[in-house]
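J.: Only the shape, not the letters, is given here:
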């Protein structure tokens, strides 16, 4: 579109595109797709590779892969290119002449420092603490994380904005669903877990719970997600379970097919700032077993079975209860579809735009 003289100009930090960073990348991709269609302002995407296919028709500016140089670029661009708002993800340098928005999905590094390498922990503590201090608005996806941000960093509550995330309409029930699993079926009860191989996702305890439940029920566990911190430990545990398959990172179309083929989605995280797989599973009409970690209860509502993330026995018992009751699975399916329908990337992006207009007025 052609920019009018009074139209605000927004620089959106999209450096995570193409990095296979699961939820972080999904947020950037889904919001950006819609921002570039919003005619109330002009959006310019700051990306690391100008040639990435699906963004070929989008106004872009290149930023370096090096984190420090990227921050410097985001800070300098408003001085020479007349941006009214700069929206960064997690890390923000002081930005003269522009209002700033900072998205912080969670502060896991403050709550669970053992889930990070020493270098990542030092970086996050230094840079994210500084970033939330200078941003005009701090944006997050849940009231749970908003409260943590306000309390942890002593922020003015008026500066911290909650905009719930969404789920792509492509995540929908299969048009030709398989027959519901019943005890005694020749095929195994299929459980799907989605998340990076890292301690926060709690996949080790899920593997233990599956092993317990598998004494009574034939189970197949499939895990989708890229390697993260300490991934090798999870790989070794999975390797000792002949009924577990690690599928690595999958593109969205393949991910959706895996959801649709599952009898149950298990999302056992110790802590989440939002938890996009919660909505994805529900939108596909698949029963969800998750935990009380972080914002998961806020996002899931009454549409999932939630257990203590540290209670392997409760996790195993929930798997067995869901597997052996078709009525329970149907109830979770119905509740989940209704719950997922209340979240929308369209609404999420529109509210981002409202915030940019408020700051630039």
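T.: In hand now; what should we look at? Quantities reported herein were computed from a predicted structural model and do not represent experimental measurements.

J.: what ranges of the stretch 51-200 of the chain fall below the confidence cut-off?
T.: The model of the stretch 51-200 of the chain has pLDDT under 70 over residues 51-57, 80, 178-186.

J.: All the strands of it, residue numbers only.
T.: For the stretch 51-200 of the chain, the strands defined by DSSP state E, counting those that start in this stretch cover 60-62, 85-89, 99-103, 137-140, 160-162, 189-194.

J.: Same list, these, but as CSV with mean neighbour count and distance to residue 120 please.
T.: C-beta: built from backbone N, CA, C; applies to glycine. Putting these into CSV (neighbours: other C-beta atoms under 10 Å; distance: least, C-beta to C-beta, whole Å) gives the following:
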stretch, mean neighbour count, distance to residue 120
strand 60-62, 17, 25
strand 85-89, 26, 15
strand 99-103, 23, 18
strand 137-140, 23, 20
strand 160-162, 19, 24
strand 189-194, 24, 22
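
J.: could you show me where the helices are in the chain, in order?
T.: 22-35, 67-81, 108-111, 118-134, 143-153, 203-213, 231-239, 252-261, 276-283, 296-300, 312-323, 326-340, 345-360 (DSSP state H).

J.: Among those helices, which comes closest to residue 164?
T.: helix 345-360 (6.6 Å; C-beta to C-beta).

J.: re earlier: please identify which of the helices of the chain is closest to residue 92.
T.: Closest to residue 92 of the helices of the chain is helix 118-134 (C-beta to C-beta; 4.1 Å).

J.: just how off-centre is that closest one within its chain?
T.: In terms of C-alpha atoms, centre = their mean, to the nearest Å, the centre of helix 118-134 is set 20 Å apart from its chain centre.

J.: List the contacts of residue 298.
T.: Applying C-beta atoms under 8 Å, 6 or more residues apart in numbering to residue 298 gives the contacts 142-144.

J.: Can I have the buried ones of the residues you listed as a ChimeraX selection?
T.: In ChimeraX syntax, the buried subset of the contacts of residue 298 is picked out as below (16 or more other C-beta atoms under 10 Å):
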select :142,144
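
J.: Go through the contacts of residue 298 and name the one nearest residue 320.
T.: Nearest to residue 320 among the contacts of residue 298, counting by C-beta to C-beta, is residue 144 at 29.2 Å.

J.: Just read off the phi/psi values of the spatially closest residue to that closest one that is not a sequence neighbour.
T.: Of all residues not flanking residue 144 in the chain, residue 295 sits nearest, at 3.8 Å (C-beta to C-beta, 6 or more residues apart in numbering). Reported as degrees, to the nearest 10, the phi and psi values for residue 295 are phi -90, psi 0.

J.: what does residue 97 give?
T.: phi 70, psi 10.

J.: what about stretch 242-250, distance to the chain center?
T.: Relative to the chain's own centre, stretch 242-250 is displaced by 20 Å; criterion: C-alpha atoms, centre = their mean.

J.: Identify each buried residue in it, please.
T.: Buried residues in stretch 242-250 (16+ other C-beta under 10 Å): 243-244, 246, 250.

J.: Redo those residues as JSON lines? Include pLDDT.
T.: Formatted as JSON lines, the buried residues of stretch 242-250 follow (pLDDT from 0 to 100):
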{"residue": "243", "pLDDT": "84"}
{"residue": "244", "pLDDT": "92"}
{"residue": "246", "pLDDT": "95"}
{"residue": "250", "pLDDT": "94"}
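
J.: Go through these and name the one nearest residue 88.
T.: residue 250 (28.1 Å).

J.: That closest one contacts residue 224, correct?
T.: Yes - at 5.4 Å, residue 250 counts as touching residue 224 under the criterion of C-beta atoms under 8 Å.

J.: Next, show the common contact partners of the two.
T.: In contact with both residue 250 and residue 224: residue 258, using C-beta under 8 Å, 6+ apart.

J.: Torsion angles phi and psi at residue 302?
T.: Main-chain torsions, residue 302, degrees, to the nearest 10: phi -100, psi 20.

J.: which ones are touching it?
T.: Contacts for residue 302 (C-beta under 8 Å, 6+ apart) come out as 335, 339.

J.: so what's residue 166 closest to, chain neighbours aside?
T.: The shortest distance from residue 166 to any non-neighbouring residue, by C-beta to C-beta, 6+ apart, is to residue 345 (3.4 Å).

J.: what would the helices of the chain look like in a markdown table with distance to residue 99?
T.: Shown next, in a markdown table, are the helices of the chain (distance: least, C-beta to C-beta, whole Å):
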| stretch | distance to residue 99 |
| --- | --- |
| helix 22-35 | 16 |
| helix 67-81 | 9 |
| helix 108-111 | 26 |
| helix 118-134 | 11 |
| helix 143-153 | 19 |
| helix 203-213 | 40 |
| helix 231-239 | 39 |
| helix 252-261 | 33 |
| helix 276-283 | 27 |
| helix 296-300 | 28 |
| helix 312-323 | 45 |
| helix 326-340 | 33 |
| helix 345-360 | 4 |
